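Undergrad: below are the sequence and a predicted model for it; my questions follow.
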Amino acid sequence: MGEVDAEIERFIRNLFDTMYAARGVGLAANQVGIARRVAVVDTGEDPAIVLIDPEIVDREGKHRAEEGCLSIPEIFGDVNRATRIIVETTSLEDGGRRQHELADLTARAVQHEIDHLNGVLFLDHLSPLKRRMLLKKWKKLRQGKPGYIEAVRAAS
């Protein structure tokens, strides 16, 4: 990713502000159109965490729970995630690599945000049938709203 500088610090503050304004618990850079491996998480259970070039180096346990996403508002599905993880990330303080041991909701949120950085949505963890059902529901909820893109049908 490069050097941790004033620009990345400003970007991270903006990510937190955007996440809080949307009442989310996590936000990844690519969710706001920025192609950087940066995300933020604040579940209110643990101190807020900044993820710069994160990598999960250990995981254990498994828990199924409902997840939603700021990218797909009003849509929720049950996802299996590790209950405890160790994530390695670049430190804002000195640019060195640090490990954080996380559990429960914070571990879930960090896994969710790292999925975003890897191009994966929580929907990708669901069965194809459940995913189709939720996407159909989302399409119906979005129809007629700003930003809705009409489906293109091929002419027969």
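TA: Yep, it's here. Residues are numbered from 1 along each chain as shown.
Undergrad: mind giving me the packing neighbours of the worst-scoring helix or strand of the chain on mean pLDDT?
TA: Least confident helix or strand of the chain, by mean pLDDT, DSSP states H and E, is helix 128-142 with a mean of 89. Under the contact criterion of 3 or more C-beta pairs under 8 Å, 6 or more residues apart in numbering; DSSP states H and E, helix 128-142 touches strand 77-81. To be clear about C-beta, it is placed using only N, CA and C from the backbone, and glycine gets the same treatment.
Undergrad: restricting to C-alpha, output the strand it packs on in PDB.
TA: Extracted in PDB, the C-alpha atoms of strand 77-81 (Å, rounded to 0.1, in the frame of the first residue of the first chain):
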ATOM      1  CA  GLY A  77     -28.700 -13.000   5.700                       C
ATOM      2  CA  ASP A  78     -27.200 -15.600   8.100                       C
ATOM      3  CA  VAL A  79     -23.400 -16.000   7.600                       C
ATOM      4  CA  ASN A  80     -20.900 -18.400   9.200                       C
ATOM      5  CA  ARG A  81     -17.800 -16.600  10.500                       C
END
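Undergrad: give the buried residues for the helix or strand just after that strand.
TA: Downstream of strand 77-81, the first helix or strand assigned by DSSP states H and E is strand 84-90. For strand 84-90, the neighbour count (16 or more other C-beta atoms under 10 Å) marks 85, 86, 87, 89, 90 as buried.
Undergrad: go ahead and confirm the last one touches residue 96.
TA: Yes. Between residue 90 and residue 96 there is a contact under C-beta atoms under 8 Å: 7.3 Å.
Undergrad: nearest residue to residue 63 in space, please, no chain neighbours.
TA: residue 83 (4.8 Å; C-beta to C-beta, 6 or more residues apart in numbering).
Undergrad: the one you found reaches residue 65, doesn't it?
TA: No. Counting by C-beta under 8 Å, residue 83 does not reach residue 65; the two are 9.8 Å apart.
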